[in-house]
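Participant: Here is the input, now give the coordinates:
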Amino acid sequence: MVASLQKIKTLIGHSARQTPCLTNQSQLWNVEERQLPLSSLEGLEKDVPINLLIFRRGLASFKIGHSQFVVCCTLMFALGCNAPTPVGTPVPVLNGSTMGTTYLVKYLPSGVDKSPLEVGRLIQDELEQVNQQMSTYLPDSEVSRFNQYKNTDWFEVSSDTASVVSLALEISDWSQGAFDVTVGPLVDLWGFGPETPPQKQLSQEIIDATLARVGYENLHVRLDPPALRKDNAELHVDLSAIAKGHGVDRVATVLEKLGAKSFFVEIGGEVIARGRRADGQPWQVGIEQPVENKREIQQVIGLEDRALATSGDYRNFYVIEGKRFSHTIDPHSGWPVESPVASASVLAESCALADGLATCMMAMGSEGLMLANNKGWAVMRILRVEDKLTVEYSQEFDRQLSTSSAH
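Facilitator: Model (predicted):
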């Protein structure tokens, strides 16, 4: 449940002295400790749509395989309070890169009999397995091999891949195709995949030709024995809108098996939290305002035993001939979505579900909130209307906030 939420009424800057301590694909910023007033929260994690605001000391880094991890003792500051929480038990922090982004893992060591180094190795192994199953950038991953398979027979995959595809198809059905894991060819066409963006607007003929290769209704999944099948041999699966959330869930499972009761896992802005921090407070995450070229917090949420994912149009877009194109593609028209929805955040039991629903809520217009209310989803959307930001909540999001504030 959501343990607490408070709105930040002033724009929040971050002027702390920052020193990068990772030279790999990701950077962990070391922020000097200081007493902070409410209006100048510092330490915002770099390039993460949903950000854990943290302060560190006692930093030590080491390498595991091809990835560099950072383990440090962390002091958490309770957002919205004038004084920081007291120093508690040192909390191991593991930080590295995966899926083209970064990850952050924090856990209370009580009940865990392995060292942070050993925990880090297990987490890295799990994330590498997720990549080998679901990456579209690794040519030998399960998904890549299925995409290369020019046949309409069943193609054997792992139970993990089958379960994620099954969830994705459920979301596709719920949204009547607004969310579609076969949209990859259109994403590539518009330059939001490995291809560079087009230099001019695409013709409808090119879009229509690509649309012929898209359609979740042509994708089938079997859970036992796990396998995928496609009616159109040219169909491609792209799980990027749900795989990071699934990776978060997999890391959470690793920590639970090791005996961890309280932890925080984040991959590329998708988050899950179990239990509470060492100081007894919920894990704190901030949802950004969807504004370009700066980092400002819209809301701060205390997260406990829940997952939170956010999708937005304000980091990944380009402009052609004066028109703005965002990375969320409408699988029905083949064009980037044109909608007042600037960001969507979802609370759910699993991070994979939250991740997929956040993309779904971005792709849908006003009907998105109606669907969320009908399904009982906890959704917060920030709309951009006449250059102003407005916030809307689903009934379930409101209910959870009301419940938490009552405590």
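Participant: Not counting its neighbours along the chain, what's nearest residue 227?
Facilitator: What sits nearest to residue 227 in space, not counting adjacent residues and going by Cβ to Cβ, 6 or more residues apart in numbering, is residue 154, at 4.2 Å. All C-beta spots, glycine's among them, are computed from the backbone N, C-alpha and C.
Participant: who does the helix or strand residue 264 falls within pair up with?
Facilitator: Applying DSSP states H and E as the criterion places residue 264 in strand 263-267. Here strand 263-267 has these sheet partners by DSSP bridges: strand 101-107 (antiparallel), strand 270-274 (antiparallel).
Participant: still on that earlier bit, quick one, what contacts the residue nearest to residue 227?
Facilitator: 222, 227-229 (Cβ atoms under 8 Å, 6 or more residues apart in numbering).
Participant: just the helices in the stretch 101-250 of the chain please.
Facilitator: Under the criterion DSSP state H, counting those that start in this stretch, helices of the stretch 101-250 of the chain are mapped to 116-134, 142-148, 159-174, 184-189, 204-211, 243-257.
Participant: per-residue confidence at the closest residue to residue 113 other than its chain neighbours?
Facilitator: Nearest non-adjacent residue to residue 113, counting by Cβ to Cβ, 6+ apart: residue 259, 7.0 Å away. At residue 259, the model reports a pLDDT of 97.
Participant: and what of residue 73?
Facilitator: If you check residue 73, the pLDDT there is 31.
Participant: same check, this time on residue 247
Facilitator: We have a pLDDT of 98 for residue 247.
Participant: Who does the residue nearest the centre of the chain form a beta bridge with?
Facilitator: Centroid check for the chain by Cα atoms, centre = their mean gives residue 270 as the closest residue, at 2.8 Å. In this entry, residue 270 is beta-bridged to residue 267, by DSSP bridges.
Participant: Tell me the spacing between it and residue 344.
Facilitator: Between residue 270 and residue 344 the computed distance is 13 Å (Cβ to Cβ, to the nearest Å).
Participant: Common neighbours of those two, please.
Facilitator: residue 310.
Participant: what residues are up against the residue nearest to the centre of the chain?
Facilitator: With Cβ under 8 Å, 6+ apart, residue 270 has these contacts: 50, 244-245, 248, 307-310, 351, 354-355.
Participant: ok but residue 298 is inside a strand, no?
Facilitator: Yes - counting by DSSP: H, G, I helix; E, B strand; the rest coil, residue 298 is found in a strand.
Participant: That one: how many residues sit nearby?
Facilitator: Here the count is done by other Cβ atoms under 10 Å, and residue 298 has 19 residues near it.
Participant: now do residue 218
Facilitator: Applying other Cβ under 10 Å, I find that residue 218 has 16 neighbouring residues.
Participant: Now the nearest residue to it once chain neighbours are set aside. Its backbone dihedrals?
Facilitator: In space, and not counting its chain neighbours, residue 218 is closest to residue 231: 4.1 Å by Cβ to Cβ, 6+ apart. Note on residue 231: its backbone torsions stand at phi -80, psi -30 [degrees, to the nearest 10].
Participant: ok, residue 231 touching residue 152?
Facilitator: Yes - contact criterion Cβ atoms under 8 Å: residue 231 and residue 152 qualify, at 6.1 Å.
Participant: More neighbours: which of these two?
Facilitator: Per other Cβ under 10 Å, whichever of residue 231 and residue 152 has more neighbours is residue 152, with 14 against 11.
Participant: so what's the more buried one up against?
Facilitator: Contacts for residue 152 (Cβ under 8 Å, 6+ apart) come out as 229-233.
Participant: and the residues you listed, which are buried?
Facilitator: 229-230 (16 or more other Cβ atoms under 10 Å).
Participant: Turn the contacts of residue 152 into a markdown table, columns for distance to residue 131 and pLDDT.
Facilitator: Formatted as a markdown table, the contacts of residue 152 follow (distance: Cβ to Cβ, whole Å; pLDDT from 0 to 100):
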| residue | distance to residue 131 | pLDDT |
| --- | --- | --- |
| 229 | 23 | 98 |
| 230 | 22 | 97 |
| 231 | 27 | 97 |
| 232 | 26 | 94 |
| 233 | 25 | 94 |
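Participant: Out of the contacts of residue 152, which is nearest to residue 301?
Facilitator: Nearest to residue 301 out of these is residue 230 (Cβ to Cβ; 39.0 Å).
Participant: Please report how far the residue of the chain most remote from its centre lies from residue 143.
Facilitator: Distance from the C-alpha centroid of the chain peaks at residue 205, with 33.5 Å (Cα atoms, centre = their mean). Separation of residue 205 from residue 143 (Cβ to Cβ): 29 Å.
Participant: try residue 256
Facilitator: Computed as Cβ to Cβ, the residue 256 to residue 143 distance reads 26 Å.
Participant: Same check on residue 175?
Facilitator: For residue 175, the distance to residue 143 (Cβ to Cβ) stands at 21 Å.
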